[in-house]
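Undergrad: Have a look at this fold, sequence not included:
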């Protein structure tokens, strides 16, 4: 998540994405890892590719991309487009920014990292659980990440989809717990997922990385997963 400091300061804060290098390890187990393969339906993913297209369009929507080191628009431009600004949310009743900020990115590098993560994680999940469940987890987790970020980070603006991405990881964990008995390699799957989650949360200690958005998104996806990602669609 990109966060601008006080007036005149273009310091950015980035919601760090689940690391691309770790994605294949932390991605949802393939159907062959389950004992009972007949319970799964191979859904054709379209909502995740649509999310990727929307994020790309938002970055390339009529503004220069070389105004910050990440090859993206300036902080003022992002603010006008709908970045999370706590002052505007609280005092100007612009609560829509809690949702709009998850479709914006600080620049090309930020966008590329998050969208690659979304494709690797989201496509597999949508194939297993369908577009409706994964779409809801993504959007609601993004909102949850923005909300927790707004509660703890009062200054600056924020953008990024990694809260929603962490929500997908949280949903994966709750699904694993719920469907524990049908996993062929239970403890290996659990240990792998927990490692990828811990490693990426640890990235939040780095400067300008908004771990509150990560935690908020993850917790939202985790609890939401018990409700709507508790079994494969039939």
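TA: Nice, thanks for sending it over. This structure is a prediction, so every number in the text was calculated from the model and none was measured.
Undergrad: which residue packs closest to residue 183, ignoring adjacent ones?
TA: Excluding the flanking residues, the one nearest residue 183 by Cβ to Cβ, 6 or more residues apart in numbering is residue 189, at 5.5 Å. Any C-beta I mention is one placed from the backbone N, CA and C, and that applies to glycine too.
Undergrad: How many residues are close by that neighbour?
TA: By other Cβ atoms under 10 Å, 18 other residues sit near residue 189.
Undergrad: That one touches residue 179, doesn't it?
TA: No: in this structure, residue 189 is not within contact of residue 179 by Cβ atoms under 8 Å, at 10.3 Å.
Undergrad: What pLDDT does the model give residue 231?
TA: On pLDDT, residue 231 comes in at 65.
Undergrad: now do residue 165
TA: pLDDT for residue 165: 93.
Undergrad: and it, that's in a helix?
TA: Yes: judged by DSSP: H, G, I helix; E, B strand; the rest coil, residue 165 forms part of a helix.
Undergrad: from what I can see it touches residue 121, true?
TA: Yes: applying Cβ under 8 Å as the test, residue 165 and residue 121 come out as touching, 6.6 Å apart.
Undergrad: of those two, who's got more company?
TA: Using other Cβ under 10 Å as the criterion, residue 165 and residue 121 rank with residue 165 on top: 33 against 26.
Undergrad: where's the more buried one relative to residue 188, distance?
TA: The spacing between residue 165 and residue 188, counted by Cβ to Cβ, to the nearest Å, is 23 Å.
Undergrad: now swap in residue 99 and tell me
TA: 36 Å.
Undergrad: Can you pick out the residue with more neighbours from these two?
TA: residue 99 (15 against 12).
Undergrad: Which helix or which strand is home to the more buried one?
TA: Following DSSP states H and E, one finds residue 99 within helix 97-100.
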